[in-house]
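**Student:** Predicted coordinates and the sequence they were generated for:
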Amino acid sequence: MFKDQVVWMTGASSGIGEALVYEMAAKGAKLILSARRAPELERVKEGCVSRGANAENIMVLTLDVTDEAAMPGKVKEAHEKWGRIDMLLNNAGISQRSLCVDTDMQTYRTLFEVDVFGQIALTKQVLPIMIEQGSGHMVVTASVAGKIGAAKRTGYCAAKHAMMGFFDALRTEVTRQGIRVTTITPGYIRTAISENALKGDGSEFGETDKNIAGGMDVTKCAKVIMRGFEKGKFEIPVGEGIEMKALLIKRFFPNMLFKMAERVSN
C-alpha cells in the first residue's frame, strides 16, 4: 500500500508522527518530514536510514503550521520533489493542562492556531493537488478528546472536536473525487504531549502526567494506525486504557460518561 507513495507528515519530529514515519519508511514510502526543528527532523531521517530506508526517498522540509504565509512555497517544494502528494498526514499539534478559569484567551487562540487553523490551511493548500491527481488521502491526528470532554483540556478538546467535524465533513465533499479521509483518535499514548502542553499562561506544562506515562507504547500505537490504513478505515481509534471504553459509554450511555468525567476531575 505504501510502496513508492509520497507521504507528507507534519509533526514528524517526535511522538506518533516519528513512530509512523519509521513504519512507513519500512514499507517503502517516499517521505516528506515536516516540523519546526530541522535538527530533530534530520535525526528522524537518520533513524529511517539506519532502519534500511533509502536517504533519497526522504525529504526534510521545515514547517511552522501557524505560518500560513509560508505555506504556498512549502507546498510547492513538497509537490515538486516527486511530482505528487499521495497522503497528507496532519499530525502537528499541542495540548493543554489548565482549568478554564485560569486559561488566558491568548492560550486558547494558540491552541486553535496550531491544532485547527494550521491543519485546515495546509489541507486547503494540498487539496487542489489531490483533486488534479484524481487521488489522495487526507489524514488528521485528532484524539479521544475530540469526542469526550476532559478537565484541564477545554481548549484542546474544543480544537480536537473541531478537527473531527472538519475532516468528517471534508470526507463528504471529496470521496467522489478519489480522495480518502481518515481521522485518527488516539487515547493515552506514551509521548511528550503533556510535557509540551500549555499551561493557562501559555508556558509549557513540563511534566509527564500519570495517564500519559501509563499509556500505550508509541510504536505499538503506530502499528495499530498502519493496520487501520491498510484496512481502509475512515476512523482509527487507538489506545488500550479506560479512555477507549469511554467512547462506547458516551455513545450509548452519555449521562453515565458525564458523571464519570466529573468524578475523575475532582
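**Tutor:** In hand now; what should we look at? Numbers count the residues shown, from 1 in each chain.

**Student:** centre of the chain versus stretch 99-118, how much separation?
**Tutor:** Using Cα atoms, centre = their mean, to the nearest Å, we find the averaged C-alpha position of stretch 99-118 to lie 17 Å away from the chain's own average C-alpha position.

**Student:** And it, what's buried?
**Tutor:** Residues of stretch 99-118 classed as buried by neighbour count (16 or more other Cβ atoms under 10 Å): Thr103, Thr107, Tyr108, Thr110, Leu111, Glu113, Val114, Asp115, Val116, Phe117, Gly118. Using the backbone N, CA and C atoms, a C-beta is placed for each residue, glycine as well.

**Student:** Go through these and name the one nearest Arg97.
**Tutor:** Thr103 (9.9 Å; Cβ to Cβ).

**Student:** Could you report the distance from the closest residue to that closest one other than its chain neighbours to Cys157?
**Tutor:** Using Cβ to Cβ, 6 or more residues apart in numbering and skipping residues adjacent in sequence, the residue nearest Thr103 is Gly200, 4.1 Å away. Taking Cβ to Cβ, to the nearest Å as the criterion, Gly200 is separated from Cys157 by 15 Å.

**Student:** what does Leu170 give?
**Tutor:** Using Cβ to Cβ, Leu170 is found at 20 Å from Cys157.

**Student:** List the neighbouring strands of the helix or strand that Arg180 is a member of plus their orientation.
**Tutor:** Take DSSP states H and E as the rule and Arg180 turns out to sit in strand 179-186. Applying DSSP bridges to the sheet, strand 179-186 is found paired with strand 136-141 (parallel), strand 235-238 (parallel).

**Student:** would you turn those strands into CSV with distance to Glu42 and mean pLDDT?
**Tutor:** As requested, those are exported to CSV (distance: least, Cβ to Cβ, whole Å; pLDDT from 0 to 100):
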stretch, distance to Glu42, mean pLDDT
strand 136-141, 22, 98
strand 235-238, 28, 98
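
**Student:** Same list (those) but as JSON lines, adding mean neighbour count and distance to Ala92.
**Tutor:** As requested, the strands paired with strand 179-186 are exported to JSON lines (neighbours: other Cβ atoms under 10 Å; distance: least, Cβ to Cβ, whole Å):
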{"stretch": "strand 136-141", "mean neighbour count": "24", "distance to Ala92": "8"}
{"stretch": "strand 235-238", "mean neighbour count": "19", "distance to Ala92": "18"}
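
**Student:** which of Gly200 and Cys157 has more neighbours?
**Tutor:** A count of neighbours by other Cβ atoms under 10 Å puts Cys157 above the other of Gly200 and Cys157, at 22 against 18.

**Student:** helix, strand or coil for that one?
**Tutor:** Reducing the assignment at Cys157 to three states with DSSP: H, G, I helix; E, B strand; the rest coil gives helix.

**Student:** Would you check that it makes contact with Ala151?
**Tutor:** No. Counting by Cβ atoms under 8 Å, no contact exists between Cys157 and Ala151, whose distance comes to 9.6 Å.

**Student:** mind checking pLDDT for the residue nearest to Thr103?
**Tutor:** The predicted structure scores Gly200 at 98 on the pLDDT scale.
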